[in-house]
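Q: fold the following for me, if possible:
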Amino acid sequence: MNPIFIIPAVISVVSSGCFFPTELQGDFASQWLESGHEISYTQISILYNSIPGWGECFYRERERVVLREESVRGECFKCVRLVQRSRNINQVHVRDTNQCYVTGEEALENCPSDDEIVSRHPSVTEMMLYRTGSVQPVHCPITGRHTVDQAGARHTGEAEGCPNESMLNFKLSETREMSYQCLGHWTGENGMLYLSLLDMQLPQLGEKPRPRYRCAIYQANRDTGVTHMALSSDSTCVNQLDSHLSGNEVLRLNKKKIGRTNSLDKKRRILLPAWSQGKWDSIDVRGEDLTYRSEERLTTYHMRAIHSPAPGMFLAKVETECGEQGYTCLALHSRHAGSSSSILEMKIGQIKNQLDDVSCTASDLVDPFHLTSMVTQVRDIVACPLSGEWQGVIPDAEGLCARSVTSCARPDQMQYQVYNCNNKMEVYEDRLYQCYGQFHDQELAYTLTKRIDLPKQECFVGIPSHDGKHKIMEAGEHCQRGLQPGQFGMDMEKVRGLHCAVEEEETNQTIREDSNDDASTDILIKLIHPKMKLQRLKQKNNMEQMEKANTRNNLFKSSNNPKLVSSSSSLSSLALSVILFSVSVCFFA
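A: Now for the predicted structure:
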């Protein structure tokens, strides 16, 4: 997809420096090869507006970051591809950290492309940045107990992630055991599934040094229970690692069957609702079976519905990947977000040893000892609730404002920015959201979105006011109830309407045919996709006449204004306010 966002002319293309999202910031270890090919690590820090040793953040366009550094020869510009793969891992692709370009535009034009990353072009270097000091547990994608076959091994080994599914432990022979903590997993630009691991066992005296971090490519077949997994030779995701069948070490994991369902449970089963069937984010529904991967508890639950005492309520048999069994009450509710889409809300009660001990009513799920709070899942892309441009002043963050913009070309996506209220050119946060629908509960509107630049779901709650404004606030990942946007929310008011001639399709999506704004004005169209270029288009009444001009030179040349790239204490304090009060907005009809 090539998302297009129409930004009003008041948003200048002047570069005033840029800032890294708080999620990307921190201290990291990265591998580098010394003479003799011994594996060692160097420390890299990502601050709010710079990467020391590489340069300060000059311009950021999603994953592409132009860095600027002062040298004896003058200004030096370079471009890196910086992507967060998990809470613990950032991945960088760069041509040459020592190569300088004389302008920011030249650096941006020479940023590594998707094709070069996929083909592993020799001019592009990959660097894995592993967070140090505050590593957060991550749910492994490979769970349960397995037998392990290894190429060339004489004996069958074993692997398990029990009882902690953030760990993956191997016993490949009597003398070889490995224990890894999962740091993150993701889908690469090549479509392959990657897994990053932290070795929890330090080499013993006299033992050959080995990499502290490992990268793997894996492929799992849920129906057969077979997982193929290949490991790299070091802490990169490229060295001696080509696919799930080709690497420094290649393993075949065969999943052991868990537990046994008694004959009574086999007879008592009931299909879960048709609207819930299929794959969601962390929930998979097949017939009467529901699998839930709980990131909070780092546990995978397999549930089978055996009785429905009330609409949306199910008595269910529960079994974990590690063989623990019991019974519980499962609640499933559909929150319709459009004519062909829905939002799933799920709640699981206490797990009991005996079915007779389970009570399954709405009041029972208010029990503070229930297994989960409300879990919200989305899967259908829909148009964002509010179109055009909206802006407001962020509460408790002096001098900071926020705006959101949608377009006729991509009504399902929204750009959100935090900026200096007194200087709209100074943008501190620039985010891109995908909208997944909205539902109402007790006169409040809840909107589900996903960050496109970072792998996370976000929910916002809002309420319209009588003067046409909307008061909104964050509601966590799963639409937390009990919040009071009317009292504590941010006031957002419409700045510009967006009038689109649209054609409805069966998929409930819209196609841009034409668009007219409230007035004839210069419009900056920012093409977020990294292969596109910044262009300036002249938009009149019905967008019939568009005049292209190259504005990137202005963008980069304008950076010579020292006031816009000041690193004074006042700017640092302002940026810290953004970090401490990082409000994100997707809005409410």
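Q: low-confidence ranges in this structure?
A: Low-confidence segments of the chain, defined by pLDDT under 70: 1-16, 33-37, 204-207, 259-267, 337-341, 368-369, 501-589.
Q: pull the contacting residues for the residue positioned nearest the centre of the chain.
A: The centre of the chain sits closest to residue 455, judged by C-alpha atoms, centre = their mean, with a distance of 0.4 Å. Contacts for residue 455 (C-beta atoms under 8 Å, 6 or more residues apart in numbering) come out as 84-86, 186. Quick note: C-beta positions are derived from backbone N, CA and C, even for glycine.
Q: between those, which sits nearest residue 124?
A: Distance to residue 124, by C-beta to C-beta, is smallest for residue 85 among these, at 16.9 Å.
Q: buried ones in stretch 396-412?
A: 397, 399-412 (16 or more other C-beta atoms under 10 Å).
Q: which ones among those lie within strands?
A: Among these, the ones falling in strands (DSSP state E) are 400-405.
Q: format the residues you listed as TSV; extra columns: distance to residue 161.
A: Formatted as TSV, these follow (distance: C-beta to C-beta, whole Å):
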residue	distance to residue 161
400	43
401	46
402	41
403	44
404	41
405	43
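Q: just give me the closest of the residues you listed to residue 216.
A: So of those, ranked by how close each gets to residue 216 (C-beta to C-beta), first place is residue 404, at 39.0 Å.
Q: hmm, the closest one is touching residue 389, no?
A: Yes: using C-beta atoms under 8 Å, residue 404 makes contact with residue 389 at a distance of 7.1 Å.
Q: against residue 129, how distant is residue 84?
A: Relative to residue 129, residue 84 is positioned 9 Å away (C-beta to C-beta, to the nearest Å).
Q: oh, I was asking about residue 386
A: From residue 386 to residue 129 the distance is 36 Å (C-beta to C-beta).
Q: just to revisit the earlier point, now the contacts of residue 455: which count as buried?
A: Buried by 16+ other C-beta under 10 Å: 84-86, 186, out of those.
Q: for those residues, which one is nearest residue 269?
A: Nearest member of the buried ones among the contacts of residue 455 to residue 269, counting by C-beta to C-beta, is residue 186, at 35.4 Å.
Q: tell me the contacts of the closest one?
A: 85-86, 193-194, 455.
Q: repeat that for residue 64.
A: Per C-beta under 8 Å, 6+ apart, neighbours of residue 64: 79-81, 108, 111, 530.
Q: show me where the chain has helices.
A: Using DSSP state H, the helices of the chain run over 104-109, 114-118, 263-267, 485-488, 552-557, 569-580.
Q: burial measure for residue 23, as a count.
A: 15 (other C-beta atoms under 10 Å).
Q: which residue is the nearest non-sequential neighbour of it?
A: residue 454 (5.4 Å; C-beta to C-beta, 6 or more residues apart in numbering).
Q: for residue 393, same thing?
A: Here the residue nearest residue 393, using C-beta to C-beta, 6+ apart, is residue 401, at 5.4 Å.
Q: what of residue 474?
A: residue 460 is the one closest to residue 474 (C-beta to C-beta, 6+ apart), at 6.0 Å.
Q: who does the closest residue to residue 334 other than its chain neighbours form a beta bridge with?
A: Excluding its sequence neighbours, the residue lying closest to residue 334 (C-beta to C-beta, 6+ apart) is residue 342, at 4.7 Å. Beta bridges link residue 342 to residue 336, judged by DSSP bridges.
Q: and residue 342, what does it touch?
A: 275, 334-336, 380, 437.
Q: surely residue 472 meets residue 460?
A: Yes: counting by C-beta under 8 Å, residue 460 is a contact partner of residue 472 at 5.5 Å.
Q: roughly how far does residue 239 sit from residue 250?
A: 15 Å.
Q: quick one: residues contacting residue 163.
A: Residue 163 touches residue 322, counting by C-beta under 8 Å, 6+ apart.
Q: quick thing: my sequence starts at 41, can you match it?
A: Got it, the first residue is 41 from now on, which makes the last one we talked about residue 203.
Q: tell me the angle the single longest strand found in the chain makes with strand 440-445.
A: Assignment by DSSP E gives strand 463-481 as the longest strand of the chain. Put simply, strand 463-481 runs at 70 degrees to strand 440-445, going by axes from the mean of the first three to the mean of the last three C-alpha atoms, to 10 degrees.
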